[in-house]
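Asks: Kindly return the folded structure for what I paste below:
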Amino acid sequence: METSLDINTLEFNKGMFGYINKSATPYHAIENAVLLLKEAGFTKLKENEQWNLSTDAKYFVVRENTSLTAFTLAENFSEKPFRIISAHTDSPTLKLKPNPIFDKEKHVQFLVEVYGSPNLASWLDRELSVGGKISGIDHDDNVKSYIVKSKKPIAIIPSIAKHFLKEPNQTEAASTLDLQTQINPILGDKLSNINLLFDEQIKDLKHSSFDLSLYDPAPVSYCGLFEEYIAGPRLDNLISCYISLNSIKHCKKNSANNSMIALFNNEEIGSRTSAGADGNFLSAILHRIYKDFELVQQASSKSFLVSLDNAHAYNPNYADKYDIHNAPIINNGPVLKYNSKHRYVLDSDLTTMFKKICSNESVNVQDFAYSNNIEGGSTLGPIISAQTGIRGIDVGVPTWSMHSIREIAGSLDSYNLDKVVKAFLSGE
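Replies: Residues are numbered from 1 along each chain as shown. Got it, this is the predicted structure:
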């Protein structure tokens with residue numbers, strides 16, 4: 001198949017596809033983020049240790065294995081503001097409940113609950129894997145934790161055959177599914193212990209507990225006549241995570257500002273956790289960098305935030321759902337989001353700055369606003385801005401099928417947004 005993509009876009013997408021394919025859960029997203037940052041010379045800091053920061057080094061901090069900040073410092077950094085990129089590591093999914101394995105008339109199943117707001121109909125009839133974190137007591141009587149994934153697809157949620165539905169043209173929509181009885185995946189005919197799904201070192205753990213989710217193991221792929229689109233799981237918001245990581249790795253150090261990325265967990269359930277944007281993670285990092293409340297406040301008033309999260313693209317099959325005057329097109333550039341109720345963070349000065357950077361990078365920029373008949377969702381932007389007083393904007397790549405198990409974005413948009421974000425972090 002022919003492609004319309006240049007070599008730089010193909011190379012960027014190759015790295016992004018690899019990151020998304022390996023990042024089955026927030027734990028894996030951070031695990032893989034750490035590998036990328038270490039390769040780029042970043043040094044790990046621990047929250048429970050004293051910090052001695054230098055402008056000659058680059059740093060990252062991990063919280064609860066699901067959230068991360070990484071930053072570089074300018075000369076006289078305590079006198080300089082930050083430019084910050086935020087994104088989230090979680091996606092809508094199905095999580096395993098306690099006592100997750102049950103047998104129903106010779107069918108072994110997982111007991112699950114909904115996390116976030118997935119399009120449940122899209123999860124039916126797909127091969128599913130399970131992954132996340134398992135903790136337990138090892139042979140030496142110590143608490144050990146492991147980041148795990150099943151080695152192959154192990155479960156499926158079969159839909160009901162059309163013949164059992166009342167009307168000839170009726171379909172099983174997500175809204176009609178019974179969340180207690182009809183979304184539990186079937187594994188097979190025997191399984192006694194969840195630990196048996198993973199490596200040998202997991203099998204012998206005692207008093208084990210877990211945070212495990214189902215996920216689609218199918219890789220990201222191109223589609224379209226000329227590979228115009230990419231389709232894959234967890235594009236919202238691992239595209240933004242990868243852009244953030246790639247940008248902090250390659251941004252130029254400058255004398256005007258410090259640079260930071262902040263990847264948070266739990267955005268899909270409101271962010272009000274210790275690893276979420278509505279916790280104290282970012283504020284704590286800023287206070288430890290500046291060490292003085294007065295300096296934090298001065299820097300925050302001069303800092304800027306770009307909140308990265310996928311944007312809704314115009315879908316011609318549902319044209320009546322959009323404000324047609326503010327309906328972005330896939331592969332036509334990154335999207336600035338607007339909402340008068342501040343479901344997106346808004347700042348006209350920073351919006352103008354962002355548009356100027358896009359122009360300098362020869363990248364088109366688009367606008368999105370919901371139809372007045374639709375309430376819509378929110379992002380990390382308003383939460384971080386309210387927590388810190390830092391002004392910001394919300395930006396993302398235009399995307400179809402948001403919150404489906406496989407989402408669709410443009411093959412050009414992520415690379416173009418990456419160029420703009422790198423320039424923003426570099427102080428341009």
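
Asks: hey, let's count contacts and neighbours off CA atoms from now on
Replies: Noted.

Asks: what about Ser78, distance to Lys46?
Replies: 20 Å (C-alpha to C-alpha, to the nearest Å).

Asks: before we move on, what about Val112?
Replies: Taking C-alpha to C-alpha, one finds Val112 at 34 Å from Lys46.

Asks: Please say which of these two ends up with more neighbours.
Replies: Neighbour comparison, Val112 and Lys46: the larger count goes to Val112, with 24 against 11 (by other C-alpha atoms under 10 Å).

Asks: Now do the same contact list for that one.
Replies: Leu94, Lys95, Leu96, Lys97, Pro100, Ile183, Asn184 (C-alpha atoms under 8 Å, 6 or more residues apart in numbering).

Asks: Torsion angles phi and psi at it?
Replies: phi -130, psi 160 (degrees, to the nearest 10).

Asks: Restrict stretch 298-308 to CA atoms and write it as PDB.
Replies: Extracted as PDB, the C-alpha positions of stretch 298-308 are listed here (Å, rounded to 0.1, in the frame of the first residue of the first chain):
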ATOM      1  CA  GLN A 298       6.100  34.200  41.700                       C
ATOM      2  CA  ALA A 299       7.000  31.500  39.300                       C
ATOM      3  CA  SER A 300       3.500  30.100  39.000                       C
ATOM      4  CA  SER A 301       2.100  33.500  38.000                       C
ATOM      5  CA  LYS A 302       4.600  33.600  35.100                       C
ATOM      6  CA  SER A 303       4.400  29.900  34.100                       C
ATOM      7  CA  PHE A 304       2.300  28.400  31.300                       C
ATOM      8  CA  LEU A 305       0.600  25.000  30.900                       C
ATOM      9  CA  VAL A 306      -0.500  23.100  27.800                       C
ATOM     10  CA  SER A 307      -2.900  20.300  28.800                       C
ATOM     11  CA  LEU A 308      -2.700  17.600  26.100                       C
END
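
Asks: Now the helix or strand hosting Asn237: buried residues?
Replies: For Asn237, the host element (DSSP states H and E) is helix 235-250. By 16 or more other C-alpha atoms under 10 Å, the buried positions in helix 235-250 come out as 235-249.

Asks: for the chain, where's the lowest mean pLDDT among helices and strands?
Replies: The weakest-scoring helix or strand in the chain, judged by mean pLDDT, DSSP states H and E, is helix 200-203 (a mean of 68).

Asks: What's the first helix or strand after that helix?
Replies: Helix 200-203 is succeeded, C-terminally, by strand 206-215 (DSSP H and E).

Asks: same for that following strand, what does it pack against?
Replies: Other elements packing on strand 206-215 under the criterion 3 or more C-alpha pairs under 8 Å, 6 or more residues apart in numbering; DSSP states H and E are strand 93-103, strand 129-137.

Asks: could you dump those strands to CSV with distance to Tyr415, mean neighbour count and mean pLDDT?
Replies: Shown next, in CSV, are the helices and strands packed on strand 206-215 (distance: least, C-alpha to C-alpha, whole Å; neighbours: other C-alpha atoms under 10 Å; pLDDT from 0 to 100):
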stretch, distance to Tyr415, mean neighbour count, mean pLDDT
strand 93-103, 27, 18, 93
strand 129-137, 29, 20, 93
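
Asks: The ones you listed: which one's closest to Pro118?
Replies: strand 93-103 (6.1 Å; C-alpha to C-alpha).

Asks: Quick one: list the elements packing against the closest one.
Replies: Counting by 3+ C-alpha pairs under 8 Å, 6+ apart, strand 93-103 packs on strand 108-115, strand 206-215.

Asks: Out of those strands, the one nearest Ala319 is which?
Replies: Across these, closest to Ala319 is strand 108-115 (C-alpha to C-alpha), at 28.8 Å.

Asks: how much does the closest one deviate in direction from strand 93-103?
Replies: For strand 108-115 against strand 93-103, the angle by axes from the mean of the first three to the mean of the last three C-alpha atoms, to 10 degrees is 150 degrees.
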